[in-house]
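> Provided below for reference: sequence and predicted model.
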Amino acid sequence: MAMGSASTVPVVDVATAGLRASIDPAGHRPKEENMNSPNRLDLYRGMVRIRRYESRILQEYHADKKPAWDIGAGLIPGEMHLAAGQEPTAVGVCAHLEKGDAITAPHRPHHFALAHGVDMNAMTAEIYGRTTGLCRGKGGHMHLFDPGNHFSCSGIIAEGYPVACGQALAFKRRGTDRVAVAVAGEGAANQGAFHESLNLAALWNLPVVFVIEDNDWAISVPRSRSTATASNADRAAGYGIPGVRVEDNEVEVVFEAAGAAVERARSGEGPSLIEIHTLRLWGHFEGDAQAYRGADLETVDERDPIPRYATALLESGDLTEDRILTIAAEADAEVDAAIAFAVDSPVPAPEDALLSVFA
């Protein structure tokens, strides 16, 4: 779905009336008519910032793993899961979150970390395994923890769903209007933790939003071979909560659906489930040959959400060619500084392995 003029905002087909609730002008979500040029530029800028960051991480990751591929070699050893193509989910959702709100992200976490305010320098240092990292270099890119921003992620599938319920319960018992957001891929919706979390959140009316990023592939398995239902959003009905599937990987459509769900949670109306049909431009992990994707891989570039959104904003007059270059340059400068910070930071000493652990 291509976005039209500046006054036209794509409307997601929300089957549940609860996600169509209007938002108080004094609340946390701009009304649709307030989706103006600055709002659009913020969404575009957020996506470009994430893409420029991950493109550079991709470059740095591969730089010293040649000529023979060695996943353990280089300045960034180990696996690397990048979210290119999935930027609309993070930017559209996090646009509605505030400093005290919480996010639990999956093993592909960088886009949500950056969109939620995690410091780029500290995150990059963690990816490089340096002492200035979020976890002093012990967690790596799949285990980023930032208590100040209530951000966490894990390499365990669906691990963040129960954690988000705990955060939401704490917010509710403290009498705050804080919201927890749990993010996982479509493969995680077949895990027991997913269903247990939805059940508990519904039973206790918790202020939590469950987000499923459906990029069509659970590693190398297509959803058609792993999931009986065409939409995981339909599963919300089994727990008596609203569920919606956003079919188009467009940031403004995600923004609208997420805004209604976040406001519902913030106002005490309980949990919601959003499934976003997004796109994985690159492999499940870096080094993934992706032979299993076949024809799907041939069309990924034309489905890239960032140039599509840029074209729409150019046509609507919300963006100019000069601004495109400026936004990219600003993002590159920030990324360059973060990479330099990480590279210049010290490597942990061997004895540091004994620090910050349970005896």
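Right, received. Where do you want to start?

> Going along the chain, name the strands of this protein.
Under the criterion DSSP state E, strands of the chain are mapped to 102-105, 151-153, 180-185, 208-214, 217-218, 221-222, 243-246, 272-277.

> Columns distance to Gly294 on top of those strands, output as CSV?
Bear in mind the C-beta positions are built from the backbone N, C-alpha and C, glycine included. Below are the strands of the chain laid out as CSV (distance: least, CB to CB, whole Å):
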stretch, distance to Gly294
strand 102-105, 29
strand 151-153, 30
strand 180-185, 20
strand 208-214, 18
strand 217-218, 11
strand 221-222, 10
strand 243-246, 24
strand 272-277, 19
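
> and of these, who's closest to Ala337?
strand 151-153 (20.6 Å; CB to CB).

> Show me the shaky parts of the stretch 251-359 of the chain.
359 (pLDDT under 70).

> ok, 90 please
Low-confidence segments of the stretch 251-359 of the chain, defined by pLDDT under 90: 287, 295-296, 351-359.

> can you give me the helices in it?
Shown for the stretch 251-359 of the chain, the helices assigned by DSSP state H, counting those that start in this stretch span residues 251-266, 305-316, 321-344.

> Could you identify which of the ones you listed is most buried?
Comparing these by mean neighbour count (mean count of other CB atoms under 10 Å), helix 251-266 ranks first with a mean of 26.

> Can you spell out which helices and strands pack onto that helix?
Using 3 or more CB pairs under 8 Å, 6 or more residues apart in numbering; DSSP states H and E, the elements in contact with helix 251-266 are helix 37-63, helix 87-94, strand 208-214, strand 243-246, strand 272-277.

> Isn't Ala180 up against Gly160?
No - the pair Ala180 / Gly160 is not scored as a contact, 9.5 Å apart, by CB atoms under 8 Å.

> Mind listing the shared neighbours of the two?
Listed as contacting both Ala180 and Gly160 by CB atoms under 8 Å, 6 or more residues apart in numbering are Thr104.

> related to what we said a few turns ago, just send the helices of the stretch 251-359 of the chain back as CSV, with distance to Thr132 too.
Shown next, in CSV, are the helices of the stretch 251-359 of the chain (distance: least, CB to CB, whole Å):
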stretch, distance to Thr132
helix 251-266, 32
helix 305-316, 30
helix 321-344, 7
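
> Out of the strands of the chain, flag the one nearest Ser231.
Closest to Ser231 of the strands of the chain, according to CB to CB: strand 243-246, at 4.4 Å.

> Please name every helix or strand in contact with that closest one.
helix 251-266, strand 272-277.

> Would you mind putting those into a markdown table with distance to Leu297 alongside?
Listed next are the helices and strands packed on strand 243-246 as a markdown table, based on distance: least, CB to CB, whole Å:
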| stretch | distance to Leu297 |
| --- | --- |
| helix 251-266 | 23 |
| strand 272-277 | 17 |
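
> So for Gly129, which of the ones you listed sits nearest?
Using CB to CB, the nearest of the helices and strands packed on strand 243-246 to Gly129 is strand 272-277, at 31.4 Å.

> Run through the helices of the stretch 101-250 of the chain in chain order.
Remark: helices assigned in the stretch 101-250 of the chain by DSSP H, counting those that start in this stretch are 110-115, 120-127, 160-173, 192-204.

> Could I get the CA-only coordinates of the longest one as PDB?
Taking Å, rounded to 0.1, in the frame of the first residue of the first chain, the C-alpha atoms of helix 160-173 are listed here in PDB:
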ATOM      1  CA  GLY A 160      10.500 -11.700  26.900                       C
ATOM      2  CA  TYR A 161       6.800 -12.300  27.100                       C
ATOM      3  CA  PRO A 162       6.600 -13.500  30.700                       C
ATOM      4  CA  VAL A 163       9.100 -10.800  31.700                       C
ATOM      5  CA  ALA A 164       6.900  -8.100  30.200                       C
ATOM      6  CA  CYS A 165       3.900  -9.500  32.200                       C
ATOM      7  CA  GLY A 166       6.000  -9.100  35.400                       C
ATOM      8  CA  GLN A 167       6.900  -5.500  34.500                       C
ATOM      9  CA  ALA A 168       3.300  -4.700  33.700                       C
ATOM     10  CA  LEU A 169       2.200  -6.200  37.000                       C
ATOM     11  CA  ALA A 170       4.700  -4.000  38.800                       C
ATOM     12  CA  PHE A 171       3.600  -0.900  37.000                       C
ATOM     13  CA  LYS A 172      -0.100  -1.700  37.800                       C
ATOM     14  CA  ARG A 173       0.600  -2.400  41.500                       C
END
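
> what packs against it?
strand 102-105, strand 151-153, strand 180-185, helix 192-204, strand 208-214.

> With distance to Cys135 and mean neighbour count added, can I get those in CSV?
What follows is the helices and strands packed on helix 160-173, written out as CSV (distance: least, CB to CB, whole Å; neighbours: other CB atoms under 10 Å):
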stretch, distance to Cys135, mean neighbour count
strand 102-105, 14, 28
strand 151-153, 10, 24
strand 180-185, 19, 28
helix 192-204, 23, 19
strand 208-214, 24, 29
